[in-house]
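Engineer: Here is my input, please return the structure:
(2 chains)
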Amino acid sequence: MKAVGARLPRYDGVGHVTGQTQFVDDVRVREMLWAKALRSPHHHAAITRMDTSKAEAMPGVEAVITHADVPLLEYGHLSALGIPADEPLLAKDEVRYKGQPIALVAAEDADTARAGVEAIEIDYEERPTLFDVRKAFDDDAPTVHRWGNWYPHFEGEMDRRQIRKGNIEEAFEAADTIVSGVYRPAAIEHAPLETQVSMVVPEPDGRLTVYSCTQALYFSLGVMAAHLQVPLNRLKVVGGTVGGGFGGKVDTASETVTALAAMKANRPVKWRWTREEEFLASSTRAPWHMEIIDAVTSDGWILGRKMLTLHDSGAYARFSPYGLTKHSFHHTGAYTIPNLHFDGYVVFTNRVPTTAMRGFGVTSVSFATETHMSRIADVLGLDPFEVRLKNANRINDTSPNMITYPDPSTVDVVLSIAEATDHSLDDAYMSMSRAQRSGDMLPEHLAAQIGEGHEHASLHALVHGVDNDSEGN
Amino acid sequence: MNITLNGVSRQISSPPLTPLLRVLRNELNVVSAKAGCEAGGCGACTVLVDGRPQRSCLTAVGSLNGAAVTTLEGLGTSENLSAVQQAFVHHYAAQCGFCTPGMVVAATAYLDAGGSDDKEAIQEALGGHVCRCTGYLKIVNAIAAAATQSEFDLTITAEEPNVVVKTGGR
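Structural biologist: Coordinates of the predicted model:
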């Protein structure tokens, strides 16, 4: 515990302020080629013809990579968990978002690589597009993904992440008021100062040294090895210095294609995205559509929650099923609601694929649940602190996915906020603690369901498609 | 043509319309200035030209014949950190580090021109420098501190943790 309270300068601080920190773009090797990508100019289109011969014949162009060069074209970011793959490393016969990579040209300098990209002949046939998750379920909605417009593989075969807990009908019958709200946080580009970049160096022993800005080095190693169909020991990934990531560098965005170009040219290749590419084609935080309908008592207890979430996955699944699952586990926020009915869909659109960003799936639902807590207080004419303190998690309460909270801190956090903001509360609230709900703190609706001694006998928890042993954070 | 880079005269062979940033990084292998946007929008490529901060990505090298160019490498070494560099470490103003070269260069120019610890003036001077990690507060605090202080404590105050390697079962 000697480090607690001590001043510990950043281990990389001196390197940062003297310019000695070596980012991927700063690594110098001889004979390096620059790569540029052909990206889809359309949100959704069939590729009807592609001819790279003119690009390949250009002086200075050393490699042109297309789908035909990829040993395993489709490998999903969650493939290691048994989830089917849906995204080609380079588009083959269809592009599903604007900016989707189709081909990579490696050349002696960046301008030649760009000229090579422009020399690729390609024809498209535009297809109808879908950008609004709310329209994905309409009969006349265009189909934008080969699985349909929403992900169908939860637990192998379910088309939604579903949570059922308690008895939602009874909760709504017992309610004094129903409070509903719709919450739609927008997509956010991580916008790291360092754009996506990788450099791959073929070594004399046949291995590849991969300089990567990845936030998830071992994950990228596995994804690369799968696409390239090489054993892990052929790849030496050098990472750890990330010029800003915020979740946006969890996807393996550039390394694998760069490696293919380096292998084909047998020269080091660097692929550094421009700022425009970063904004256009790198993954973003998802836009989320969340509808909450709560059954509440007039004194501010939440009896039950019905919730529908439409998670905009963009054109491919990537990590979205995982993000929505985390989201579903947190859809009551830091509060305990005994009766739940949650349906969440990973919806495909013709937007750029979405990914992790600082609390994947949870930040968005926290925005919705906290805004909704204040809305409940507004509707009932109650103090928002009191509504939060009443419903706050207590020891031995259970999360939507039936994880028991051994030591939840909601009450302490809300009380410290009240103190920090000089918000006065009655003694009944000031004296609340995280201790197990009992006695006066056990309201009628919870008494009936939980009873004394936290016997969960009458709490009919039925959680579909959720592994109760999996992470609950 | 020639420039004086960090006090050393250097011959330039790139075409005159080549951005200074590319000359520094690709011809001269001086890489502290970063290609954050290459459109003048982020400030990560900032260098000093005859003492004034300038976006190297928008500066044609042909306009610099005979000029003195200073990059972060020319401001202080790890053994001899400038006050601004020390302040950035002490105040945790460098997080991922990618915007830091431009920030330190611009802050140095601000203070060399007589800038004070007035935080609004610092924000004005650093306007257009984008940082996505710190939220800017630590950067402004570091520059304000460097305006009035030349030495900063960079020592680690924690004792070395006692690491005992145990063998056998727990």
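
Engineer: and A:A253, how many neighbours?
Structural biologist: 26 (other C-beta atoms under 10 Å in any protein chain shown). For every residue, glycine as well, the C-beta is placed using N, CA and C.

Engineer: So for A:G453, what's the pLDDT?
Structural biologist: A:G453 carries a pLDDT value of 39.

Engineer: Kindly apply the preceding question to B:M1 instead.
Structural biologist: 94.

Engineer: Distance-wise, check the nearest residue to it once chain neighbours are set aside relative to B:R55.
Structural biologist: Nearest non-adjacent residue to B:M1, counting by C-beta to C-beta, 6 or more residues apart in numbering or on different chains: B:N65, 4.4 Å away. To B:R55, B:N65 is 19 Å away according to C-beta to C-beta, to the nearest Å.

Engineer: and if you look at B:V69?
Structural biologist: For B:V69, the distance to B:R55 - C-beta to C-beta - is 13 Å.

Engineer: do A:S409 as well
Structural biologist: According to C-beta to C-beta, A:S409 stands 47 Å off from B:R55.

Engineer: Look up which residues are beta-bridged to the closest residue in space to A:T177 that isn't next to it in sequence.
Structural biologist: Leaving aside its sequence neighbours, A:T177 sits nearest to A:V296 (C-beta to C-beta, 6+ apart; 5.3 Å). Going by DSSP bridges, A:V296 is paired in beta bridges with A:T177, A:I302.

Engineer: now do A:G344
Structural biologist: With DSSP bridges as the rule, A:G344 is bridged to A:R161, A:T309.

Engineer: Now for it, how many residues are close by?
Structural biologist: Neighbours of A:G344 (other C-beta under 10 Å): 26.

Engineer: Can you name the residues that contact it?
Structural biologist: A:G344 is in contact with A:160-162, A:307-311, A:324, A:327-328, counting by C-beta atoms under 8 Å, 6 or more residues apart in numbering or on different chains.

Engineer: and if we set it to 6 Å?
Structural biologist: By C-beta atoms under 6 Å, 6 or more residues apart in numbering or on different chains, the residues touching A:G344 are A:161, A:309, A:324, A:328.

Engineer: Which single one of those is nearest to A:R146?
Structural biologist: A:L324 (19.5 Å; C-beta to C-beta).

Engineer: The closest one contacts A:D312, doesn't it?
Structural biologist: No. At 10.5 Å, A:L324 does not count as touching A:D312 under the criterion of C-beta atoms under 6 Å.

Engineer: Which strands and helices lie in contact with the longest helix along chain A?
Structural biologist: Ranked by residue count and defined by DSSP state H, the top helix of chain A is helix A:362-380. Helix A:362-380 sits against strand A:177-183, strand A:288-296, helix A:384-391, with contacts defined as 3 or more C-beta pairs under 6 Å, 6 or more residues apart in numbering or on different chains; DSSP states H and E.

Engineer: switch the cut-off to 8 Å
Structural biologist: strand A:177-183, strand A:288-296, helix A:320-329, helix A:384-391 (3 or more C-beta pairs under 8 Å, 6 or more residues apart in numbering or on different chains; DSSP states H and E).

Engineer: Give me the contacts around that helix.
Structural biologist: A:177, A:179, A:181, A:183, A:185, A:285-286, A:288, A:290, A:292, A:294, A:296, A:298-300, A:302, A:309, A:326-327, A:330-333, A:335, A:357, A:359, A:382-384, A:386-388, A:391.

Engineer: Show me what counts as buried in that helix.
Structural biologist: Neighbour-count burial for helix A:362-380, counted by 16 or more other C-beta atoms under 10 Å in any protein chain shown, picks out A:362-370, A:372-373, A:375-377, A:379-380.

Engineer: Looking at those residues, which is nearest chain B?
Structural biologist: A:T363 (16.0 Å; C-beta to the nearest C-beta).

Engineer: Tell me which of B:N65 and B:R55 has more neighbours.
Structural biologist: Shown here are B:N65 and B:R55; by other C-beta under 10 Å, B:R55 has more neighbours (24 against 11).

Engineer: And the helices in chain B?
Structural biologist: Going by DSSP H, chain B shows helices at B:20-22, B:83-90, B:100-112, B:119-125, B:137-148.

Engineer: now the ones you listed as TSV including mean pLDDT?
Structural biologist: Shown next, in TSV, are those (pLDDT from 0 to 100):
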stretch	mean pLDDT
helix B:20-22	98
helix B:83-90	96
helix B:100-112	98
helix B:119-125	97
helix B:137-148	98
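
Engineer: Let's have the ones you listed in JSON lines, adding distance to A:A37 and mean neighbour count.
Structural biologist: Listed next are the helices of chain B as JSON lines, based on distance: least, C-beta to C-beta, whole Å; neighbours: other C-beta atoms under 10 Å in any protein chain shown:
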{"stretch": "helix B:20-22", "distance to A:A37": "20", "mean neighbour count": "24"}
{"stretch": "helix B:83-90", "distance to A:A37": "35", "mean neighbour count": "26"}
{"stretch": "helix B:100-112", "distance to A:A37": "27", "mean neighbour count": "25"}
{"stretch": "helix B:119-125", "distance to A:A37": "37", "mean neighbour count": "15"}
{"stretch": "helix B:137-148", "distance to A:A37": "34", "mean neighbour count": "21"}
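
Engineer: which outside residues touch stretch A:273-282?
Structural biologist: Taking C-beta under 8 Å, 6+ apart as the rule, stretch A:273-282 contacts A:37, A:39, A:97-101, A:189-192, A:195-197, A:248, A:253-254, A:352, B:36-39, B:41-42.

Engineer: what about burial for those, which qualify?
Structural biologist: A:37, A:39, A:97-101, A:189-192, A:195-197, A:248, A:253-254, A:352, B:36-38, B:42.

Engineer: show me what contacts whatever residue of chain B ends up closest to chain A?
Structural biologist: As assessed by C-beta to the nearest C-beta, chain A sits closest to B:S32 within chain B, at 2.9 Å. Listed by C-beta under 8 Å, 6+ apart, the contact partners of B:S32 are A:18-19, B:71-73, B:101.

Engineer: which one of the buried residues of helix A:362-380 is nearest A:E108?
Structural biologist: Closest to A:E108, out of all of those and judged by C-beta to C-beta, is A:T363, at 44.0 Å.

Engineer: Now A:G244. Nearest residue, chain neighbours left out?
Structural biologist: A:P192 (3.0 Å).

Engineer: right, and the one you found touches A:G247 too?
Structural biologist: No. When contacts are counted by C-beta atoms under 8 Å, A:P192 is not listed as touching A:G247 (9.9 Å).
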